[in-house]
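1. Turn this into a structure:
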Amino acid sequence: MGHSSEISDPPPAAGSAADTAEAAASPPDTAVETKCTWYRTTLFNAFVIGGVGFTAPGLWNAMNALGAGGAQEPYLVNAANALVFAIMGFLCLLGAPLANRVGLSRTLFLGAVGYPVYSAGLYANNRYGNVWLVLVGAVACGFSAGLFWVSEGAVALGYPEPGKRGRYLNIWLWFRTGGPLVGGAVVLGLNNSAHAKAKGKVGYQTYLIFIALQCVAAPLALLLSPPEKVQRSDGSRVVIRAESSFRAELRALWAACKQRDIALLLPVFWAAYFNQYSSNFQSYYFGVRARALSGFVGNFGTLLSSQLMSLLLDYRGLPVKRRLVVGYWYVVFLHVVAWTYGWVVQEKYTANPPAYDWEDKGFVEGFFVLLLWDFARQALQNWLYYLVASKTDNISELTRFSGILRGQESFGQAVSFGLNSRNWFGGRVPLAVNTILLGLAAIPTWFVVRDHVPCSLDDAKPTSDSESHVEKGLAAVNKLDPEDGERSAVGKTGVGGDAAM
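-> Numbers count the residues shown, from 1 in each chain. Predicted coordinates for the structure are as follows:
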């Protein structure tokens, strides 16, 4: 990609000489309020990206929170999800150069079209026993998911005014979390009758509602403004540093992959989302409406975990390095508790497999296995993104790091879903693999934390978003030096997939 010229925002209306002199004397970071067209504002674009996140990956997460995508047995859906995340992993790594070529709005559109195809496959399988459409939907969703996280990362982190990034990221978080919450409420509302007490599959009507809602995502994505047309309230422009060509972007990505600390973090990148046995656990031991309830209520535990970790990592009473060290041992503690409890309950269920409804006495015991696994996993992801964000204040380098993180997480999920596509006796094999991987990841991760010298994040505004720690690393990249002007491009973003699906 050759050098691009910057497209200036419309100049503000002329004012008095005093106003002009005051604006000229203002420091560079002082916001100058300008009149903006409502559909070009950063707030409107935050709602666009949030709406797409709500209807596409948000509802995808709601279906998978049921366990096995709502199916009676998890094996086909796990195989399909392995395909989704294998493709998604490559797109997360290579998506930044692709987004630079086709533009963010088109990338977001392509990132939304595959989700209803995936849901249609689950519908056809649920009602007619069709298999091939599930796999076709998985391929379509894999390509779309990778492109979605690419464009989402650029918009969520690059569009807002520097002083409002945390606020707009929180808008995006609540939209994205609203998908599983609303989807879980829909599933629970349609699958709460007495005949849903037993093990089985959700009603096919559930998928029809999800398909209809997910079809809204693609046209909604077309409302996204191109970066050069975004109008910030402070009059600044969306200017993000980009590599000069596709080949240069790939060279920079390869250089980032070869860094010692990134190599040491690869095991924990894989371990972060490797536990997909939870889907099997639900389908093995819970009835339909119990799965629906756990899928809905579990989102609140995830939000609480994210909030608690964010409070720790944003606590100004400790230096950044100390927060990372305390966060590391907090995450280790949570995983020891969650997996010890999980093993105890799993051995009990292996000896005497139950089929719990929410009215049964043992439901809470099994539900807490799922809750603790998700609670520990969310804390780890928050901490990982904060660690990666504290490595650099260079936006291009940061997005490559987050792309590597999200890509490796996706590869780990692909392997995990593949591992769980068969019936292992008592779940001991996937539990053992997860436990060993987490144990092995703890050692090199500690080496990284011990030797880590973080960039200062103290000027960043604290937020509670699970991805908000990424934007802290961007806080210092609000303006480019004049000599870098020719290497900057409006809308030519080096973006990575930095959010969890």
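2. how about Gln231, phi and psi?
-> Main-chain torsions, Gln231, degrees, to the nearest 10: phi -110, psi 110.
3. Do I have it right that it meets Leu43?
-> No - shown here, Gln231 and Leu43 do not form a contact pair, counting by Cβ atoms under 8 Å, at 10.5 Å. All C-beta atoms are positioned from the backbone trio N, CA, C, and that covers glycine.
4. Now do Val186, the pLDDT please.
-> Predicted confidence (pLDDT) for Val186: 75.
5. Report the mean confidence score over the lengthiest helix in the chain.
-> For the chain, the longest helix by residue count, based on DSSP state H, is helix 320-351. Across helix 320-351, the average pLDDT comes to 92.
6. One more: stretch 266-282?
-> Rounded mean pLDDT across stretch 266-282 is 82.
7. CA-only coordinates of that stretch in CSV, if you can.
-> Taking C-alpha atoms only, stretch 266-282 is exported to CSV below (Å, rounded to 0.1, in the frame of the first residue of the first chain):
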residue,chain,number,x,y,z
LEU,A,266,2.3,-18.5,23.7
PRO,A,267,1.4,-21.3,26.2
VAL,A,268,-0.9,-19.0,28.3
PHE,A,269,-2.4,-17.6,25.0
TRP,A,270,-3.5,-21.1,24.3
ALA,A,271,-4.5,-21.9,27.8
ALA,A,272,-6.7,-18.8,28.2
TYR,A,273,-9.6,-20.2,26.2
PHE,A,274,-8.6,-23.9,25.9
ASN,A,275,-11.4,-25.1,28.2
GLN,A,276,-14.3,-25.9,25.8
TYR,A,277,-15.1,-29.1,27.8
SER,A,278,-17.6,-26.9,29.7
SER,A,279,-20.0,-27.3,26.7
ASN,A,280,-19.8,-31.1,27.0
PHE,A,281,-20.2,-30.8,30.8
GLN,A,282,-23.5,-29.0,30.3
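8. In space, what's closest to Ala338 - neighbours in sequence excluded?
-> In space, not counting the residues next to it along the chain, Ala338 is nearest to Leu372; the distance is 3.9 Å by Cβ to Cβ, 6 or more residues apart in numbering.
9. ranges for the strands of this structure?
-> 240-241, 488-489 (DSSP state E).
10. And those, which one averages the lowest pLDDT?
-> Taking the mean pLDDT of the strands of the chain, strand 488-489 comes last: a mean of 36.
11. residues contacting Pro430?
-> Asn275, Gln276, Tyr277, Asn280, Ser416, Leu419, Asn420, Trp424 (Cβ atoms under 8 Å, 6 or more residues apart in numbering).
12. Closest to Lys258 out of the residues you listed?
-> Ser416 (25.8 Å; Cβ to Cβ).
13. which non-adjacent residue is nearest the closest one?
-> Nearest to Ser416 is Gln276, by Cβ to Cβ, 6+ apart, at 4.2 Å.
14. wait, Arg406 sits on Trp149?
-> Yes - counting by Cβ under 8 Å, Arg406 does reach Trp149; the two are 6.1 Å apart.
15. Sitting in helices, which of the contacts of Pro430 do you find?
-> Tyr277, Asn280, Ser416, Leu419.
16. could you redo these as TSV and give each row distance to Arg106 and neighbour count?
-> Output for the ones in helices among the contacts of Pro430, formatted as TSV (distance: Cβ to Cβ, whole Å; neighbours: other Cβ atoms under 10 Å):
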residue	distance to Arg106	neighbour count
Tyr277	37	25
Asn280	38	23
Ser416	32	26
Leu419	36	19
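17. from these, which is closest to Trp358?
-> Asn280 (19.4 Å).
18. Cross-check the contact I'm expecting between the closest one and Val77.
-> No - counting by Cβ under 8 Å, Asn280 stays clear of Val77, with 10.1 Å between them.
19. Surely Met309 and Gln378 touch.
-> Yes - between Met309 and Gln378 there is a contact at 7.5 Å, judged by Cβ under 8 Å.
20. Name the nearest of the ones in helices among the contacts of Pro430 relative to Arg237.
-> Nearest to Arg237 among the ones in helices among the contacts of Pro430, with distances taken as Cβ to Cβ, is Ser416, at 42.3 Å.
21. who's in contact with the closest one?
-> Ala82, Tyr273, Phe274, Asn275, Gln276, Tyr277, Pro430, Asn434 are the contacts of Ser416 under Cβ under 8 Å, 6+ apart.
22. Same list (the residues you listed) but as TSV, adding distance to Trp339.
-> Formatted as TSV, the contacts of Ser416 follow (distance: Cβ to Cβ, whole Å):
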residue	distance to Trp339
Ala82	22
Tyr273	15
Phe274	12
Asn275	9
Gln276	15
Tyr277	11
Pro430	12
Asn434	7
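23. Show me the two of the residues you listed that sit farthest apart.
-> Ala82 and Asn434, at 15.6 Å, using Cβ to Cβ across the contacts of Ser416.
24. ok, Asn352 - how many residues close by?
-> 6 (other Cβ atoms under 10 Å).
25. Pull the contacting residues for it.
-> Counting by Cβ under 8 Å, 6+ apart, Asn352 has no contacts.
26. Now the phi/psi pair for it, please.
-> Here Asn352 shows phi and psi, under degrees, to the nearest 10, equal to phi -150, psi 80.
27. Against Tyr341, how distant is it?
-> Applying Cβ to Cβ, to the nearest Å, the value for Asn352 to Tyr341 is 18 Å.
28. and if you look at Leu437?
-> 18 Å.
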